[in-house]
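> One predicted model, sequence on top.
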Amino acid sequence: MSNILETIAEATKLRVAEAKKTVSLDEVKAKALSMPVGDFVFEKALRAKGMSFICECKKASPSKGIIAEDFPYLQIAKDYEKAGASAISVLTEPQWFKGELSYLSEIAANVNIPCLRKDFTVDEYMIYEAKVAGAAAVLLICSILTEEQLSTYMGICDTLGISALVEVHDEDEANMAVRCGARIIGVNNRDLKTFTVDPTNCLRLRKIIPDNVVFVGESGVKTPEDIKTLEDNKVDAVLIGESMMRADDKVAFLSHLKELI
């Protein structure tokens, strides 16, 4: 494998293959389709006036290793809700991020704000799985999908009434997301192939994304000044992971980030 993103994507394919041995695609699809169709609450939350904050429950990452030795994920999620987060991102990738699908299920059942399944979606199975687990949105990463896959997966999300946060990193991926009709596009300031962070990446790509698309800045957001810069450049929402996870008082930290807006 030439980079960690491809390595994780390949491992995720194996994980899905194993999951299908226990619960088949037909079974999980039928269960998801039997549930009430969602009303895109994740998208609606991000379209609310002002900057929206997606706060992340993340125990570990490939670049930082273990971020939170103590990981009371449900309490963390409740703290985010109390702090005024618009939505919660829950890592469900088990090997590099130490996530679990059960974390998502439990959090979604115990908070009143929408939850994003943060994983490396490589199979439609994972979208139906997310719906069953209570997710209001899934992450679709352009780097590991073909344009045809992206379009198909977005269609499945629409059928289920859940949102697709389409993640891009460069101009080609941004154009791909726009061509596919993505309604929420997130620009990751961290290059998942090298782990370098460029906080200006999302500002450069902002001009490519139509104004009617919800625009999300991801990674490298740590200060009120960062938030103000993003807001001034028509960024609608931010996804904050590591800095939120490392904050001892998450309510106070989110209030701090909002000081200049």
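Thanks, I have the structure now. Just so it is clear, the model here is predicted, and its values are computed rather than measured.
> drop to CA atoms for contacts and neighbour counts, all remaining ones
Will do.
> Surely D236 touches G50?
Yes. In this structure D236 lies within contact range of G50 using Cα atoms under 8 Å: 7.2 Å.
> Residues in contact with stretch 99-106: which ones?
In this structure, residues lying in contact with stretch 99-106 by Cα atoms under 8 Å, 6 or more residues apart in numbering are 58-59, 73-74, 90-94, 115, 117, 133-135.
> quick one on the thing from earlier: so for D236 and G50, which sits in the more crowded spot?
Comparing D236 with G50 by other Cα atoms under 10 Å, the one with more neighbours is D236, at 24 against 12.
> give me every residue that touches the more buried one.
L46, R47, G50, M51, S52, V214, F215, V216.
> Secondary structure, pLDDT and distance to I141 for those residues - can I get that in CSV?
What follows is the contacts of D236, written out as CSV (DSSP: H, G, I helix; E, B strand; the rest coil; pLDDT from 0 to 100; distance: Cα to Cα, whole Å):
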residue, secondary structure, pLDDT, distance to I141
L46, helix, 98, 19
R47, coil, 97, 21
G50, coil, 95, 26
M51, coil, 97, 23
S52, strand, 98, 21
V214, strand, 98, 16
F215, strand, 98, 15
V216, strand, 97, 13
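> List buried residues within those.
Buried subset of those (neighbour count, 16 or more other Cα atoms under 10 Å): L46, R47, M51, S52, V214, F215, V216.
> how about the strands in the stretch 1-150 of the chain?
All strands of the stretch 1-150 of the chain, identified by DSSP state E, counting those that start in this stretch, fall at 52-57, 60-61, 65-66, 87-91, 115-118, 137-141.
> out of the ones you listed, nearest to T152?
Each of these has some distance to T152 by Cα to Cα; the shortest is strand 137-141, at 11.0 Å.
> Let me see the mean pLDDT of the longest helix belonging to the chain.
Identified as the longest helix of the chain according to DSSP state H is helix 4-22. Mean per-residue pLDDT for helix 4-22: 96.
> what about that helix, distance to the chain center?
Here helix 4-22 is found 18 Å from its chain centre; the criterion is Cα atoms, centre = their mean, to the nearest Å.
> ditto for stretch 146-154
The chain centroid and the centroid of stretch 146-154 are separated by 17 Å under Cα atoms, centre = their mean.
> Of all the residues in it, which ones are buried?
Within stretch 146-154, the residues that count as buried by 16+ other Cα under 10 Å are E147, Q149, L150, S151, Y153, M154.
> My read is that the third one contacts L139, right?
No. L150 sits out of contact with L139 when judged by Cα under 8 Å, with a separation of 10.7 Å.
> For ChimeraX, write the selection for the buried entries among the contacts of stretch 99-106.
Only the buried entries of the contacts of stretch 99-106 go into this ChimeraX selection, using 16+ other Cα under 10 Å:
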select :58,59,73,74,90,91,92,93,115,117,133,134,135
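> thinking again about what came up before, out of the strands of the stretch 1-150 of the chain, nearest to V37?
Short answer: strand 137-141, nearest of the strands of the stretch 1-150 of the chain by Cα to Cα, at 12.6 Å.
> helices and strands around the closest one, which ones?
If you count contacts as 3 or more Cα pairs under 8 Å, 6 or more residues apart in numbering; DSSP states H and E, strand 137-141 packs onto strand 115-118, helix 124-132, strand 163-168.
> most packed of those?
strand 115-118 (a mean of 28; mean count of other Cα atoms under 10 Å).
> May I have the strands that pair with that one, each with its orientation?
strand 87-91 (parallel), strand 137-141 (parallel) (DSSP bridges).
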